[in-house]
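*Asks:* predicted coordinates and the sequence they were generated for:
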Amino acid sequence: MSPVTEDPQLAVVILAAGQGTRMKSRTPKVLHPIGGRPLVGHVLDTARSLAPAHTLVVVRHERDLVAAAVTELAPEAIVVDQDDIPGTGRAVQVALDRLGDFTGNVLVLSADCPLADGATLSAFVAAHRAEGAAETLMTAVVDDPTGYGRIIRGADGSVVRIVEQKDASDDERAVNEINAGMYVFRADVLRTYLPQVGTDNAQQEKYLTDVAGLLRDAGERVAASVVDDVTVTYGVNDRAQLAEVGRLLNVRTVRRWQLAGVTVQDPASTWIDVTADLAPDVTLLPNTHILRATTVASGAVIGPDTSLVDCEVGEDATVRRTDATLAVIGAAATVGPFSYLRPGTVLGARGKIGTFVETKNSTIGEASKVPHLSYIGDTTIGTGVNLGAGAITANYDDITKHRTVIGDEVHTGSHNVLVAPVRIGDGAKTGAGAVIRKDVPAGALALSVAPQRNIEGWVEKNRPGTAAADAAARARPAQKADDGSQG
Ligand code: UD1
Ligand code: CA
């Protein structure tokens, strides 16, 4: 982010003390994540982009959990505790007390409204300053105003007051201009009028929304900024709104990457966390999730049906139908279909992890391949190695885990068990079905399966009258003839 000079006349107060009853959740509402970050994290990010002199977050419900998350997400933020007087007005009052004699403007945001972006909010603050208003409200005209506070305007169009859904008459409920819950106040105005807010309402709370009516009655100017894009005002009160706001955030994120040169074939089924980073000319195929701190380099093709969590994907790599967490995938490497990369997997450039392969805490060197049906755990593999189908590292002896170390240019036969701790030297080979319990020196061929012995006529003798015996009997003259022609 480009450095922004601090605005000494701006304080941001983020309200996060409410119970979030409608979420019906053990988790505090403002900690529910969308786009890879808790709701309050998005609001803290936006606040930071405005470079305020002070950022305060008001907490109460699940206070310790919320405070810990806030401190981790934004160490610069001051956590303020709300007392037992409920309501958004009281929440702002306790924050104001913490601001001492601050004389600038106070931008109030709700931790449950994560879609308000920095550009919208800085224009909002600028409009308040330009108007010289005591309070500026953000409002939006919506199709369905249910649940929001309504903006009641006078005959001249100026804001008279805000009425909450629960306190509104039928006529007032029909108003479809809503209070977005974002405000700029002059600090001195809050200091004068907040203490006058009462609790005589349906919820018996101190409503921040009542300040507008008090100001109007006192002849102070209340301005309103009507936003064009109503989605920036969307709040999360229940799980349906959580999903909808999460979807809208994703639409925004996908579009941002598309404009930055990423091909996204099906935006609706592609989920990108706000924390991920993609290079131009990445291609994302349908049903792909790029999560947390994942980075994808130019030319890589991810998906379909792939989930990458905290992964690093190199240039021109291909990752199909894969589930990967904390894995590094090298340049021009190929992964999938149907691969499971667990934490600590490092695949070198031009390497391959193929179908039905699970890897964990393992380094697979440059141009090395684990193509089919394998489990590779706690293993270091050199360069140019090919593991035959069905390679299993037996890394766990019931007590502890051990490492397998495979050198460069090693080829193993199909269906090998490598019993750790064990080392296979450079250029060595192993036979099919080998169980490798002892180190294999460089250049050796390791065989652990007894030579094959054929007992002629066993089936006809021991299983007479079975379909197998009949088939063997029918084959006998032909086989004799074959043998004859060779002899
Ligand atoms: C609030 C507004 C409403 C507006 C809507 C916009 C009030 C009275 N109503 O209603 O006009 O349309 O937001 O989304 O302000 N909080 C506290 N302390 C409290 C109560 C709430 O910090 O005592 C916090 C909550 O955690 C939340 C925010 O304030 O982040 C808003 O509270 P919420 O209960 O969701 O208010 P709404 O009913 O949505
Ligand atoms: Ca709300």
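*Replies:* Right, received. Where do you want to start? Ligands and ions are numbered 1, 2, ... in the order given.
*Asks:* just the residues contacting the helix or strand encompassing residue 68, thanks.
*Replies:* Element membership for residue 68 (DSSP states H and E) is helix 63-73. With Cβ atoms under 8 Å, 6 or more residues apart in numbering as the test, helix 63-73 has contacts from 16, 28, 30-31, 37-38, 40-41, 44-45, 57, 59, 77, 79, 81. In this view, the C-beta of every residue, glycine as well, is placed from N, C-alpha and C.
*Asks:* now residue 326: closest residue in space that isn't a chain neighbour?
*Replies:* residue 343 (3.7 Å; Cβ to Cβ, 6 or more residues apart in numbering).
*Asks:* actually residue 363, not the one I wrote
*Replies:* Counting by Cβ to Cβ, 6+ apart, the residue nearest residue 363 is residue 346, at 4.5 Å.
*Asks:* residue 407 now?
*Replies:* Using Cβ to Cβ, 6+ apart, the nearest residue to residue 407 is residue 426, at 3.7 Å.
*Asks:* same thing with residue 468?
*Replies:* Per Cβ to Cβ, 6+ apart, closest to residue 468 is residue 459, 5.4 Å.
*Asks:* likewise residue 394?
*Replies:* residue 419 (4.7 Å).
*Asks:* please apply the same query to residue 136.
*Replies:* Here the residue nearest residue 136, using Cβ to Cβ, 6+ apart, is residue 128, at 3.8 Å.
*Asks:* span of stretch 167-175 from start to end?
*Replies:* 13 Å (Cα to Cα, to the nearest Å).
*Asks:* an error on my part: the question was meant for stretch 148-160.
*Replies:* Where stretch 148-160 begins and where it ends lie 17 Å apart, using Cα to Cα.
*Asks:* right, is that stretch up against ligand 1?
*Replies:* Yes: judged by Cβ under 6 Å from any ligand atom, stretch 148-160 and ligand 1 are in contact via 148-149.
*Asks:* give me the contact list for that stretch.
*Replies:* By Cβ under 8 Å, 6+ apart, stretch 148-160 touches 137, 139, 142, 161-165, 168, 172-173, 175, 177-179, 181, 209, 212-213, 216, 222-224, 235.
*Asks:* in the stretch 1-150 of the chain, which spans are strands?
*Replies:* 7-15, 33-34, 37-38, 52-59, 78-81, 105-110, 135-141, 150-153 (DSSP state E, counting those that start in this stretch).
*Asks:* closest to residue 263 out of these?
*Replies:* Residue 263 sits nearest to strand 33-34 of all the strands of the stretch 1-150 of the chain, at 24.0 Å, using Cβ to Cβ.
*Asks:* which strands or helices does the closest one pack on?
*Replies:* In terms of contacts (3 or more Cβ pairs under 8 Å, 6 or more residues apart in numbering; DSSP states H and E), strand 33-34 is packed against helix 39-49, helix 239-259.
*Asks:* what residues does stretch 258-274 touch?
*Replies:* For stretch 258-274, with Cβ under 8 Å, 6+ apart as the criterion, the contacting residues are 35-37, 42, 45, 249-251, 253-255, 257, 278-292, 294, 303.
*Asks:* give the contact list for the residue nearest to residue 468.
*Replies:* 466, 468-469, 472.
*Asks:* and of the contacts of helix 63-73, the nearest to residue 339?
*Replies:* residue 37 (27.7 Å).
*Asks:* the closest one touches residue 275, doesn't it?
*Replies:* Yes: between residue 37 and residue 275 a contact is recorded at 6.7 Å, counting by Cβ atoms under 8 Å.
*Asks:* these two: which is more packed in?
*Replies:* residue 37 (19 against 16; other Cβ atoms under 10 Å).
*Asks:* shaky segments in the chain?
*Replies:* 1-3, 480, 483-487 (pLDDT under 70).
*Asks:* so which bits of it are right by ligand 2?
*Replies:* 112, 235, 237 (Cβ under 5 Å from the ion).
*Asks:* most neighbours, which of the residues you listed?
*Replies:* residue 112 leads those on contacts (other Cβ under 10 Å) with 24 neighbours.
*Asks:* in contact with the nearest residue to residue 98 once chain neighbours are set aside, which residues?
*Replies:* Using Cβ to Cβ, 6+ apart and skipping residues adjacent in sequence, the residue nearest residue 98 is residue 80, 5.1 Å away. Residue 80 sits next to 56-59, 94-95, 98 when contact means Cβ under 8 Å, 6+ apart.
*Asks:* for ligand 2, state which of the residues you listed is nearest.
*Replies:* Nearest to ligand 2, judged by Cβ to the ion, of these is residue 58 at 13.9 Å.
*Asks:* beta partners of the closest one?
*Replies:* residue 15, residue 80 (DSSP bridges).
*Asks:* is it true that it touches residue 95?
*Replies:* Yes: if you go by Cβ under 8 Å, residue 58 and residue 95 touch, sitting 5.3 Å apart.
*Asks:* need the residues touching each of the two.
*Replies:* Common neighbours of residue 58 and residue 95 (Cβ under 8 Å, 6+ apart) are 13, 80.
*Asks:* what's around residue 100, how many residues?
*Replies:* Counted with other Cβ under 10 Å, residue 100 comes out at 9.
*Asks:* distance of it from residue 187?
*Replies:* As judged by Cβ to Cβ, to the nearest Å, residue 100 and residue 187 stand 10 Å apart.
*Asks:* give me the buried entries from the contacts of residue 459.
*Replies:* Among these, those buried by neighbour count (16 or more other Cβ atoms under 10 Å) are 469, 472.
*Asks:* if we take the contacts of residue 459, which one ends up nearest to residue 326?
*Replies:* residue 468 (50.8 Å).
*Asks:* contacting residues for the residue in the stretch 201-350 of the chain positioned nearest to ligand 2?
*Replies:* Nearest to ligand 2 in the stretch 201-350 of the chain, going by Cβ to the ion, is residue 235, at a distance of 4.0 Å. Contacts for residue 235 (Cβ under 8 Å, 6+ apart) come out as 110, 112-113, 148, 181, 241, 245.
*Asks:* hmm, residue 448 is touching residue 434, no?
*Replies:* Yes: counting by Cβ under 8 Å, residue 448 does reach residue 434; the two are 4.4 Å apart.
*Asks:* higher neighbour count, those two?
*Replies:* residue 434 (22 against 14).
*Asks:* look up the closest residue to the residue in the stretch 1-150 of the chain that ligand 1 sits nearest to, ignoring the ones flanking it.
*Replies:* Of all residues in the stretch 1-150 of the chain, residue 149 sits closest to ligand 1, at 2.3 Å by Cβ to the nearest ligand atom. Among residues not flanking residue 149 along the chain, residue 179 sits closest, at 3.8 Å (Cβ to Cβ, 6+ apart).
*Asks:* neighbours around residue 152, how many?
*Replies:* 18.
*Asks:* distance check, it against residue 216.
*Replies:* 10 Å.
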